[in-house]
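>>> Whatever this is, show me its structure:
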Amino acid sequence: MKTLTKPIELTGVIDERHRLLVDDIVVPLDSRTRVRIFVLPEYDDISEEDWMRGLASNPVFDFLKHPAEDIYTFEDGKPYHAKG
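Alright, predicted model coming up:
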């Protein structure tokens, strides 16, 4: 069995039976080798507003609502004005 040292990116789709179907198999692994899969859906048509709404309501960021995380004020730092 070969050992990979870097992740390999593949694309595919989820079918109606909720199975992952990979577009092209170009992975140098023996059959029946266990792998770890990270699913990152491609949302080409989602608006920035929808992304921001999703991020704002995602419970993974709830820790930021804790008062101990509120360490900055508007007086901290210097304003940044992009030139362009």
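>>> In three-state terms, label the residue lying farthest from the centre of the chain for me.
Seen from the C-alpha centroid of the chain, the residue lying at the greatest distance (CA atoms, centre = their mean) is Glu75, 32.8 Å away. With DSSP: H, G, I helix; E, B strand; the rest coil as the basis, the three-state label of Glu75 is coil.
>>> Tell me which residues touch it, please.
Neighbouring residues of Glu75 by CB atoms under 8 Å, 6 or more residues apart in numbering: there are none. No exception for glycine: its C-beta is placed from N, CA and C like everyone else's.
>>> For it, give its distance to Ile14.
From Glu75 across to Ile14, the span is 49 Å (CB to CB, to the nearest Å).
>>> those helices in the protein, which residues are they?
Using DSSP state H, the helices found in the chain span residues 48-57.
>>> Low-confidence regions, this protein specifically.
1-5, 25-28 (pLDDT under 70).
>>> which residue is nearest the middle of it?
By CA atoms, centre = their mean, the chain has its centre lying nearest to Leu40, at 5.6 Å.
>>> quick one: that one and Asp62, what's the gap?
The spacing between Leu40 and Asp62, counted by CB to CB, is 22 Å.
>>> same question, Asp30
Distance, Asp30 to Asp62, using CB to CB: 43 Å.
>>> Excluding covalently adjacent residues, which one is nearest to Phe63?
Spatially, and ignoring its direct neighbours in sequence, Phe63 is nearest to Glu69 (6.6 Å; CB to CB, 6 or more residues apart in numbering).
>>> tally of neighbours for that neighbour?
For Glu69, the count of nearby residues is 9 (other CB atoms under 10 Å).
>>> Also the one 4 residues further on?
Here the neighbour count serves as a burial measure; for Thr73 (other CB under 10 Å) it reads 7.
>>> I'd like to check which residues are in contact with it.
When the contact criterion is CB under 8 Å, 6+ apart, Thr73 has no partners at all.
>>> in the protein, which spans are strands?
With DSSP state E as the criterion, the chain has strands at 12-14, 20-22.
>>> Same list, these, but as TSV with mean neighbour count and distance to Tyr80 please.
Formatted as TSV, those follow (neighbours: other CB atoms under 10 Å; distance: least, CB to CB, whole Å):
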stretch	mean neighbour count	distance to Tyr80
strand 12-14	12	41
strand 20-22	11	42
